[in-house]
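Visitor: with the input below, show me the fold.
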Amino acid sequence: MSRRHPTWSLENNDVYRHAPPLRHDSTHGAGWRNADAFRAYIEQVLVPTLTPGDMVIMDSLPAHKVPGIREAIEEAGGQIRYLPLYSPDFNPIKVAFSKLKAHLRAKAERTVEALWDAVGQVITLFEPTECANYFAACGYDPT
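Guide: Numbers count the residues shown, from 1 in each chain. Purely as a prediction, here's the structure:
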């Protein structure tokens, strides 16, 4: 199946490529794509800034679980915690974006300007009670 329009990826966007991971009091830049690059980042950039009791929270990307990562962080006095696997069932934004994308597909706009205009129109279809229901459907108390 071929596409009628060019694809766009965050990965090819300069802002994304240079967006640093977040820390509670600062940010650290990285752009790793594999375990070796990530391990080098941990050992050379992150670990020297850790103080005893710091907690490093990461997702479950395989590169985050290679031998040496946990040991380097714990040697510096830090603790490591992995986020649970992602579940779209618990994400109210996913539900809202599903509706937004369906309406945008129906409009079939093909220019950036027309697409932004369509987003402005579609977003008015989201009532506050509907948004509260998205949270409730995902198991959160919207009040």
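
Visitor: for the longest helix belonging to the chain, packing partners?
Guide: Identified as the longest helix of the chain according to DSSP state H is helix 92-107. Applying 3 or more Cβ pairs under 8 Å, 6 or more residues apart in numbering; DSSP states H and E, one finds that helix 92-107 contacts helix 112-122, helix 128-137. Using the backbone N, CA and C atoms, a C-beta is placed for each residue, glycine as well.

Visitor: out of those, nearest to Arg39?
Guide: Nearest to Arg39, of all the helices and strands packed on helix 92-107, is helix 128-137, at 38.6 Å by Cβ to Cβ.

Visitor: okay, buried residues for the closest one please.
Guide: 134-135 (16 or more other Cβ atoms under 10 Å).

Visitor: now the angle from it to helix 92-107?
Guide: 130 degrees (axes from the mean of the first three to the mean of the last three Cα atoms, to 10 degrees).

Visitor: what's in contact with helix 128-137?
Guide: 92, 95-96, 141-142 (Cβ atoms under 8 Å, 6 or more residues apart in numbering).

Visitor: for the longest helix of the chain, buried residues please.
Guide: Buried residues in helix 92-107 (16+ other Cβ under 10 Å): 92, 95-96, 100, 104.

Visitor: what do you get for stretch 65-74?
Guide: Buried, per 16+ other Cβ under 10 Å, within stretch 65-74: 69-70, 72-73.

Visitor: need the contact partners of that stretch.
Guide: So stretch 65-74 is contacted by 35, 38-39, 42-43, 46-47, 50, 56, 79-80, 82 (Cβ under 8 Å, 6+ apart).

Visitor: can you measure across that stretch, start residue to end residue?
Guide: Stretch 65-74 has an end-to-end distance of 14 Å (Cα to Cα, to the nearest Å).
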